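Trainee: Sequence plus the predicted model coming up.
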Amino acid sequence: MTPPDAPLTAPISGTQADPAVLSCLTVLKKRAEFLAAARARRVPVAGFLLQARQRDGAEPACGIRVGFTCSKKVGNAVTRNRAKRRLRALAHEILATHGQPGWDYVLIGKPEVTVARPFDALRADLDRALQRVHG
């Protein structure tokens, strides 16, 4: 039985989602983690900025960690929260399957673009950014 918060279908295949895949993402919460990602690779795409770094040996390499941030330049609190919700949905859909374990990813919203851009375009942006980081 799937947990109540698990989606009924997997984002790509249309089949039952595996709860283990959904739980492989851990959210970054500490400022030091965000600063470490800021010193690593940056991939600007049309809808957002992706920062990615491979964790070193001092940190546990299991799982994928992801963080989300939107500055006040994105808009008021309602707009920032909407942008972060869209980035979270995008990360759970794409990073759970295309992200690499042992990596930290930070998605940074852009003013006016992250909220207004179609979700399919954001999805394509994240696929392109991950190819540039790992390719």
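Mentor: The structure has been received and is ready for your questions. Numbering: from 1, shown residues only.

Trainee: Once you drop chain neighbours, what's closest to the residue sitting nearest the centre point of the chain?
Mentor: Nearest residue to the geometric centre of the chain (C-alpha atoms, centre = their mean): Ala91, 3.4 Å. Spatially, and ignoring its direct neighbours in sequence, Ala91 is nearest to Val66 (5.0 Å; C-beta to C-beta, 6 or more residues apart in numbering). Where you see a C-beta, it was placed from the backbone N, CA and C, and this is true even at glycine.

Trainee: And Leu87, by the same measure?
Mentor: Of all residues not flanking Leu87 in the chain, Leu107 sits nearest, at 4.4 Å (C-beta to C-beta, 6+ apart).

Trainee: Report the beta-bridge partner residues of the one you found.
Mentor: Leu50, Phe68 (DSSP bridges).

Trainee: That one: neighbour count?
Mentor: 27 (other C-beta atoms under 10 Å).

Trainee: ok, now Asp125?
Mentor: Residues near Asp125, counting by other C-beta under 10 Å: 22.

Trainee: Val43 is in contact with that one, correct?
Mentor: No - Asp125 lies out of contact with Val43 (C-beta atoms under 8 Å); the separation is 9.4 Å.

Trainee: For Asp120, give me its contacts.
Mentor: The neighbourhood of Asp120, defined by C-beta atoms under 8 Å, 6 or more residues apart in numbering, contains no residues.

Trainee: Quick one: classify it as helix, strand or coil.
Mentor: Judged by DSSP: H, G, I helix; E, B strand; the rest coil, the three-state class of Asp120 is helix.
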